[in-house]
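Visitor: give me coordinates for this.
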Amino acid sequence: MSQLHEIVAAVTVDEPPMSRSVDQIVTAGRKAERRRRAGFASAGAAGLVAAVVAGTFALTPGGPGTAEPSTTIVAGAAPDAEATWSDAPPFSFTFRAFDAGPLRVQDPVVVSTAYQIASVYVDGRVTYDRPVEDSETPVRRDGKRPPAADTDPTQRPLYAYLTLYRPGAFDPAGVVGGTSSTIAGRQAVESTVEPAGRQLAWEYADDAWAVVTAYTSTPDPSIADLSALVTALKPSPAVPATLPFRVGYLPAGHTPVEAGTHALPGLSGISQARAGNYGGVTYAAPAPATTGLTSPYGDNEAGTIPNSVRIHVTPASSSNQQAKAGKTKCYQASGDPFCNRWTADGVVQVQVLSTGGLSVTELTRIVESVEVLDVNDENTWVPVLQAR
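Guide: Next up, the predicted model:
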């Protein structure tokens, strides 16, 4: 696996400073992506790939509004009355990977108090959500797309994900510019998202909504293509999300908000879904609201959850900080400080970052309290609510 800084080289152009955390790298990518918005149409796939590999995409922030009426799309049969969604507790996965035509929904890997998220791939399209070697890099370090992207449609990338909200969590009326429709007998809201994306939300159960968001430099997949997910989405037995570590200390009042199993928490985890990360969790004080949502937590200008502590457990080889076996080291750059601790063999890295202004002393206390379990044996992992 190549270094994490190779993942984001296309966005930052220059190698990220050694004193940047994963969150700070992703935030830098968000800013670079926003600068590209005005020229996205001419930049084509280059801007899209660059944003994808750094996990920089964000939905347009929701606000008050009423969806406008539109036509009815018929996609498949009427809702299946036997498909019953269980009343699973937060931090549970309640669906599994499935196909819908050319769409390939993966197992969900990110979960929170309000939703769960899975990557969506499409036949014939490329999603760059893993580290790539220089020979594979889809965007040159000068930010320009290679010639193949102009002539080979399969090199025009797609970044898409499915968010399944818990009952009452999603507010369809808050979708900016949303247009109401009916798909296979279900309420739906269609909308566009920047840059060059489209989104489809539908009511998969009473007051419970699913949302597929797709960013691409081409007209496909269209809303009609995405509609295939409506009847293909089915419930599975609930399984608790687990983490490969325990946390011994947190400042008072912090509760779990979002977690990733084999992924970082949040949309960062989706943008790096195949990067080989072990897991992560975000604690916040106070926790954000679990209702009235129009996008996942941290899908904002800062790209983070306010007043939070994020803990990432990743392969040390994926970091842009040199491993120091059995040691703890803290870093201070232009953003918030963060601390790393490495296992005795230097193979696994624990990273702690706070958006709540915690001191290096507090961050050190947190990172040194983390007990790393056997990252290669999921039988040793613990449910999110038992990790602290």
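Visitor: kindly format the C-alpha coordinates of the host helix or strand of residue 340 as PDB.
Guide: Here residue 340, judged by DSSP states H and E, is contained in strand 338-342. Taking C-alpha atoms only, strand 338-342 is exported to PDB below (Å, rounded to 0.1, in the frame of the first residue of the first chain):
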ATOM      1  CA  PHE A 338      -3.200  15.900  16.900                       C
ATOM      2  CA  CYS A 339      -1.400  13.000  18.400                       C
ATOM      3  CA  ASN A 340      -0.200   9.600  17.100                       C
ATOM      4  CA  ARG A 341       0.700   6.500  19.000                       C
ATOM      5  CA  TRP A 342       2.200   3.400  17.400                       C
END
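Visitor: given that strand, what are its sheet partners and their directions?
Guide: Partners of strand 338-342 in the sheet, by DSSP bridges, are strand 328-331 (antiparallel), strand 348-354 (antiparallel).
Visitor: so how far is the first one off the chain centroid?
Guide: Relative to its chain's centre, strand 328-331 lies at 26 Å (C-alpha atoms, centre = their mean, to the nearest Å).
Visitor: list the buried residues in that strand.
Guide: Buried residues in strand 328-331, counted by 16 or more other C-beta atoms under 10 Å: 330-331. For every residue, glycine as well, the C-beta is placed using N, CA and C.
Visitor: average pLDDT across that strand?
Guide: Strand 328-331 shows a mean pLDDT of 95.
Visitor: what does stretch 310-323 give?
Guide: Regarding stretch 310-323, the rounded mean pLDDT is 93.
Visitor: same question, stretch 273-280
Guide: On average, the pLDDT along stretch 273-280 is 96.
Visitor: what's it in contact with?
Guide: Residues outside stretch 273-280 that contact it (C-beta atoms under 8 Å, 6 or more residues apart in numbering): 1, 4, 7, 106, 109, 119, 129-131, 242-245, 259-265, 269, 310-315, 318, 348, 375, 381.
Visitor: just to revisit the earlier point, which one of the strands paired with strand 338-342 lies nearest to residue 295?
Guide: Residue 295 lies closest to strand 348-354 among the strands paired with strand 338-342, at 21.3 Å (C-beta to C-beta).
Visitor: which residues are contacting that closest one?
Guide: Taking C-beta under 8 Å, 6+ apart as the rule, strand 348-354 contacts 21-24, 245, 278, 308-316, 318-319, 321, 323, 336-343, 362-363, 366-367, 370, 372, 375.
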